[in-house]
Structures are given as C-alpha cells and as structure tokens.
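**Q** sequence and predicted structure are below.
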Amino acid sequence: MTSFGFGQELIDHAEGAILHTRDGREIVDFTGGVGVLNHGHNHPRILAARQRFAERHRMEVHKTYFSPYVAALGHNLAAVLPGDLNMSFLPNSGAEAVEGAVKLAYKYHGGKRNTIMRADISFHGKLLGSGSLTGSTQNHFAFPGIPGVVKFPYGDLDAVRAAVAEARRADGGCDVYALLIEPFSASTMRSCSEEFLRGLRELCTAEGIVLIFDEIYTGWGKTGTMFYFMRYPGLLPDVVTTSKSFGGGKSSISAYVAREPIFRKAYDSLTDALLQSTSTTYYGFGEETATAIEAVNIAVEEDFPAKARQIERILAPGLARIAKEHSTVIDEVRGAGALWGVFLKAGAVLDLVGKVAPGGLAKDPQFGTKLVTCAVIDELYRRHDFYTYYTLNGRNPFVVAPPLVTDPAHVERFLEALDATLAVGLPRLVMRFMREKVSSLW
Ligand SMILES: Cc1ncc(COP(=O)(O)O)c(C=O)c1O
C-alpha cells in the first residue's frame, strides 16, 4: 500500500465525501468506504445520535433487560423490507450475518438436509464458514469449511436446476437446505437478471430450499433501490443479510433478516431459542444499535435510492463516453446506481509489464490488469485528488463508488479526472507508478 500516494499520507479529518489530509490536501473519497460509507464520513445526524446516547448515559449492555434499541431496529428493518421479512438477528460483521443465515437454514430443516449451494463468483466473507462459501480468487488456500458446498455458475438457472436435481437424498427428497447468492456482486460488478432471480425463487419454493440474498454491500440504496432485489416487485428471499452502511459509517453492526415462519420454525421453542440468539458478546450494544437506527432513518428520509439514481444519471453516460473514447484501454464498464466497475485492458502494455515486473505475469495471469489498474488509481490520487480502489475478485475491476451524499459537481469532476488520467496513456502511467514504488522504498 505504501506504493500508493494514500499509503504515505495521514488523514486529519473527514466529512461527507471529503478527506482532509494533515498536509492540507482535500481528497474526494470515491471508494465509498468499500460499501460502509453511503452516508459519507461523519454524517451530522449519526454524530448527533451518538452524542445524545453518550450525554444521556444510556445503558450500553442489555443482556437480559429488554433493549428498546434492538426492538426499534428490528421493527424498522421489518418496516423497510417487503413481505414477512420480519425477524432480525444483529451480530457485528458481514461474515457473522452470513453464517447466522446459513445456520438458520440448516436448523430450519432440522439437520436433515446437507447440501448448500453458492455461486462460482461469490464473496461472502473470510471466516472459516463464510470463506468456504466464497468463490473469490483471493481465497486460494484450502482452509476447512462447511461441508456439502456445491457451486453453480452465477446467473445460470439451468445449471442450478441440474445441481439441485443431483443433490437428492436416498429417499428421493431434496438435500439442499440453502442457496446463497449476491443479486448484485459488488466484487465482480455482475448482477443477476430478473428472470434468474425469479426462477431461483420459484425453484427454492418448490423444493423447500431457504433462499438467502447477501446484500451486505449493496444495501441502503447503493444501487438505486433500497436493496438490489427490491427493484423487482414481489420478489422475496427467505433471508437477507446486510451490514456495511447499515452502521452509518460508525457502528460495526450487521443483520440477517428472515421471513417469520422460517425463523420461528428454526428457533421458536424453549429448547432451541438460545442456539442462535443474544449469545455473542456485543450483540445489541446500545450505541451501536442506536447508530444503526439513525443510519436507517437517514437512508429512508434522505431517500438514498434516489441519490444513487441521481449519481447514476451522471456516471453511467459519463463512463460510457470515456469507455468509447479510450476503447483501447477500457474493455467494459458495468454497474448500477453509485457502484460502477471499469475493466481495464492490460494488453497494450503487456510487454512493458513483463519488463518492469518480470515473473509477475507467470505467477498471476491478472498481474498486468492489476498493475495498470493500480497505476490509474495512483494517478487519480496524486494528480487529481480522488481516492478509488479495485477489487481482488473476478477480473479486478477499478471501482467507482462515491458515497451517496457526494456533491454531483464532484462526480462531474471525477469524470474529467479519469478522462485526463487515461489520456496520459497506460505505459506512462505504469512507469510513473513504478517510479513512485521505487522511491517509496528509500
Ligand atoms: C457481499 C458481501 N458479503 C459478505 C461480506 C463479509 O463482510 P465482513 O467483511 O464484514 O465479514 C462482504 C464484505 O465485503 C460482502 O461484500
């Protein structure tokens, strides 16, 4: 990271989409905190909610007292989400929410089904369980994980049907207890078609499979609807997971929200109520939960989906124009709302890459793409004051993901900056980046 300009600077303070460095630079944060900062940095209402909580000396730890915060947040989640997605569990990280949802599905079937399905390009977290459900290329070491995982090609309904048909128990019954999918995959910028998602719903209903949508990254308006799946009226998963901007950029909180009959069948009995309940240390901590309540209020009251659509109206045509003008270096642009991926082509500089980093390409076929993408990110930071990132999954897209509170003028300025950066030419950008890398070593 020290090869990048941002690896060598310290941030003094941050507000909205703007980072103020200790040296007095103003940087526009187009990473969106990798999903955490839909509200931007230090949203005034989030700060005020936390200050109120502290000033009134509210009770932080509610282990056996009734927590009004957990109750209110659960109520509000049920109000925001469609159908009978009414029962919430509130751990602290995305991976815990995913694993909670998977546990719920397994328990719902009373341990009688043993197969879980996930997509080939999935990212669901890095704990042992969620990691074993993750298909990202970063996940190349074979840690032990959840047994019975079957993968299917993202978006291929026939392949899903075939895999479900293959996973039959000896008595002919379906052996799949859950199917886990990101309707919009933020690490590869691919999304499921409406037909695919509705087809999954139909299949899962017919076979009694618990359908889990992982919207940990894409929740709270990022792609132009409150959750990605909500762009399709009437479509309902059995469980949805959320985290990241759920905490308003301050609170480490996540949730799975389940359809009420599923949750009740799994855990609503005296013997099973504590199998997955208030058992984690930080579950329901007061200020974390109160912060999430305010984060949800803001997303609804400030109409975050509309803000993302407004950003899309500038970004989508702007990125398409840049892709056309720089067609030798941009392969493709994909995204929705305020979450876009630009896929750069390393082809034009592969010879150069071989010279500046011999061996890199042999170890990693994506090495060239990563190097040019890093060079673009570094140029945008050093010369244009924009902070961006790329993903480690799939074809390593360069990500354009401003917070939803970003001033539209900054979005316009970003497009000019990207245009100017690409006009420098990839060979020069790579050489500049390599020079910075070498000088950072001294
Ligand atoms: C779609 C998705 N699922 C799960 C996770 C895991 O969340 P966490 O890193 O909080 O465990 C992430 C994190 O990036 C994610 O984007």
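**A** That came through fine. Numbers count the residues shown, from 1 in each chain.

**Q** now do the phi/psi pair for residue 257.
**A** Summarising the backbone geometry of residue 257 under the convention degrees, to the nearest 10, its torsions are phi -120, psi 120.

**Q** contacts only, for it.
**A** Contacts here follow Cβ atoms under 8 Å, 6 or more residues apart in numbering; on that basis residue 257 touches 77, 78, 81, 85, 86, 87, 88, 239, 240, 241, 242. To be clear about C-beta, it is placed using only N, CA and C from the backbone, and glycine gets the same treatment.

**Q** what ranges do the helices span in this protein?
**A** 44-55, 68-80, 94-108, 128-132, 157-166, 194-207, 260-267, 286-301, 304-325, 350-356, 360-363, 367-384, 408-423, 426-440 (DSSP state H).

**Q** quickly compare the ones you listed and say which is most buried.
**A** The highest average neighbour count among these, using mean count of other Cβ atoms under 10 Å, belongs to helix 94-108 at a mean of 24.

**Q** enumerate the residues of this structure near the ligand.
**A** 93-95, 98, 123-125, 182, 186, 214, 216-217, 243 (Cβ under 6 Å from any ligand atom).

**Q** low-confidence ranges, the protein, go.
**A** Screening the chain residue by residue with the criterion pLDDT under 70, one finds the ranges 277-279, 441-442.

**Q** give me the residue from it nearest the ligand.
**A** residue 94 (2.1 Å; Cβ to the nearest ligand atom).

**Q** looking at it, that residue is touching residue 246, isn't it?
**A** No: with contact defined as Cβ atoms under 8 Å, residue 94 and residue 246 do not form a contacting pair (9.5 Å).

**Q** any common contacting residues for the two?
**A** residue 254.

**Q** so which of the contacts of residue 257 is the most crowded?
**A** The most crowded member of the contacts of residue 257, judged by other Cβ atoms under 10 Å, is residue 241 (32 neighbours).

**Q** quick check: bridge partners of it?
**A** Following DSSP bridges, residue 241 is listed with bridge partners residue 214, residue 256.

**Q** now do the same contact list for the most centrally placed residue in the chain.
**A** By Cα atoms, centre = their mean, the mean C-alpha position of the chain lies nearest to residue 217, the distance being 2.2 Å. With contacts defined as Cβ under 8 Å, 6+ apart, residue 217 is in contact with 34, 35, 182, 184, 186, 187, 244, 339.

**Q** how about the nearest residue to residue 14 once chain neighbours are set aside, what does it touch?
**A** For residue 14, ignoring the flanking residues on the chain, the nearest one in space by Cβ to Cβ, 6 or more residues apart in numbering is residue 41 at 3.6 Å. By Cβ under 8 Å, 6+ apart, the residues touching residue 41 are 14, 15, 16, 17, 18, 19, 29, 33, 249, 403.

**Q** quick check: closest non-adjacent residue to the third one.
**A** Nearest in space to residue 16, with sequence neighbours left out and distances taken as Cβ to Cβ, 6+ apart, is residue 40 at 4.0 Å.

**Q** what of the last one?
**A** Distances taken as Cβ to Cβ, 6+ apart put residue 40 closest to residue 403, at 4.2 Å, once the chain neighbours are dropped.

**Q** tally of neighbours for that neighbour?
**A** Neighbour count for residue 40, taken as other Cβ under 10 Å: 24.

**Q** so it sits right up against residue 402, yeah?
**A** No: no contact is recorded between residue 40 and residue 402 when judged using Cβ under 8 Å, the distance being 9.1 Å.

**Q** what touches both of those two?
**A** Joint contacts of residue 40 and residue 402 (Cβ under 8 Å, 6+ apart) are residue 17.

**Q** quick one, phi/psi of the most far-flung residue of the chain relative to its centre?
**A** Within the chain, residue 171 marks the point farthest from the mean C-alpha position, 38.9 Å out by Cα atoms, centre = their mean. Backbone dihedrals for residue 171, given as degrees, to the nearest 10, come out at phi -80, psi 10.

**Q** ok, it to residue 148 distance?
**A** Counting by Cβ to Cβ, to the nearest Å, the gap from residue 171 to residue 148 is 17 Å.

**Q** tell me the phi and psi of the residue nearest to residue 368 when sequence neighbours are not counted?
**A** Using Cβ to Cβ, 6+ apart and skipping residues adjacent in sequence, the residue nearest residue 368 is residue 346, 3.1 Å away. Listed backbone geometry of residue 346 is phi -90, psi -10, with angles given as degrees, to the nearest 10.

**Q** that older thread, for the residue nearest to residue 403, give its distance to residue 292.
**A** Counting by Cβ to Cβ, the gap from residue 40 to residue 292 is 16 Å.

**Q** same question, residue 14
**A** 20 Å.

**Q** again with residue 432
**A** Taking Cβ to Cβ as the criterion, residue 432 is separated from residue 292 by 42 Å.

**Q** same check, this time on residue 275
**A** 24 Å.

**Q** same question for residue 122.
**A** 25 Å.

**Q** ok, now which ones touch residue 433?
**A** Residues in contact with residue 433 (Cβ under 8 Å, 6+ apart) are 3, 371, 374, 375, 378, 379.

**Q** hang on, the earlier thing: buried ones among the contacts of residue 217?
**A** With burial judged by 16 or more other Cβ atoms under 10 Å, the buried subset of those is 35, 182, 184, 186, 187, 244, 339.

**Q** how about the fourth one, what does it touch?
**A** Remark: with contacts taken as Cβ under 8 Å, 6+ apart, residue 186 is in contact with 35, 123, 217, 218, 339, 391.

**Q** ok, the last one next?
**A** With contact set as Cβ under 8 Å, 6+ apart, residue 339 has these partners: 32, 184, 186, 189, 217, 218, 222, 223, 308, 399, 400, 401.
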